[in-house]
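> Sequence plus predicted model, see below.
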Amino acid sequence: DTAVSQTPKYLVTQMGNDKSIKCEQNLGHDTMYWYKQDSKKFLKIMFSYNNKELIINETVPNRFSPKSPDKAHLNLHINSLELGDSAVYFCASSQDGANTEAFFGQGTRLTVV
Amino acid sequence: AQKVTQAQTEISVVEKEDVTLDCVYETRDTTYYLFWYKQPPSGELVFLIRRNSFDEQNEISGRYSWNFQKSTSSFNFTITASQVVDSAVYFCALSEEGGSNYKLTFGKGTLLTVNP
């Protein structure tokens, strides 16, 4: 069983479209995250949720809207996609906050054309 | 503000060489946590180690070892007798107690290439 799974793995879409990435964890963790990895491999936090509550929104454009229907799921919806949104998006979870090790999904490679 | 610096952008070694990946961090907290992650060419992020700021003991796990020195704010990672399968991007990361507890701050990563 995959601990943190996100779908889809690849996403190619046109500018202006709206898309969603889904994430589920079966580890029973309280905290979930979205990280963005750019073309230079730099990893940066986007959002953190703890027990379904938004804890961190790291100056992400409001075109990005996370939703956590329950502790095991954290989805990411992106409106009006732009070329600069092309990146790899990683979902992750940890037991309680970032003091414990985070387990990452396999990543979603988003390409906006 | 927290910051992680991995000054080595790329390292290339020949198999069986030892290699050390450097990590220097900045934080104002007295309680913090340090991590190393591996990202092989397949793209997933693999957790390697977690260290808290109160535990300066060095750790060894097989061919991997970590040297944590608070005096120099460094948490370096050594691979002994490197193998081709060690080729990956390695990230050092930091989390703090308090308000920044819910995020990892990553360094920019070091691309390690181990040649046969």
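Structure's in. What do you need?
> which SSE is the residue sitting nearest the centre point of chain A in?
Centroid check for chain A by C-alpha atoms, centre = their mean gives A:Trp34 as the closest residue, at 3.2 Å. Using DSSP states H and E, A:Trp34 falls within strand A:31-37.
> Taking their axis directions, the next helix or strand after that strand and strand A:31-37 sit at what angle?
Under the assignment DSSP H and E, the closest C-terminal helix or strand after strand A:31-37 is strand A:43-50. Strand A:43-50 and strand A:31-37 are oriented at 160 degrees to each other (axes from the mean of the first three to the mean of the last three C-alpha atoms, to 10 degrees).
> what is the mean pLDDT for strand A:43-50?
Strand A:43-50 shows a mean pLDDT of 95.
> What is the worst-scoring helix or strand of chain B on mean pLDDT packed up against?
Lowest mean confidence among the helices and strands of chain B (mean pLDDT, DSSP states H and E): strand B:59-61, at a mean of 90. Using 3 or more C-beta pairs under 8 Å, 6 or more residues apart in numbering or on different chains; DSSP states H and E as the contact test, the elements touching strand B:59-61 are strand B:46-52, strand B:64-69. C-beta coordinates here come from the backbone N, C-alpha and C atoms, glycine included.
> quick one, which of the ones you listed is nearest to chain A?
strand B:46-52 (4.7 Å; C-beta to the nearest C-beta).
> what about the chain, any weak spots by pLDDT?
Answering for chain A, as no chain was given. A:1 (pLDDT under 70).
> oops, I was thinking of chain B
Low-confidence segments of chain B, defined by pLDDT under 70: B:98-100.
> Near chain A, which residues of it? Just list them.
B:33, B:35, B:37, B:39, B:43-45, B:47, B:50, B:52, B:89, B:91, B:95, B:97, B:100-106, B:108-109, B:111 (C-beta under 8 Å from any C-beta of the partner chain).
> Sitting in strands, which of these do you find?
Those of the residues of chain B next to chain A mapping onto strands are B:33, B:35, B:37, B:39, B:47, B:50, B:52, B:89, B:91, B:95, B:105-106, B:111, per DSSP state E.
> What residues does chain A have near chain B?
For chain A, the residues in contact with chain B (C-beta under 8 Å from any C-beta) are A:31, A:33, A:35, A:40-45, A:48, A:50, A:55-56, A:58, A:88, A:90, A:92, A:97-104, A:106-107, A:109.
> Thank you, goodbye.
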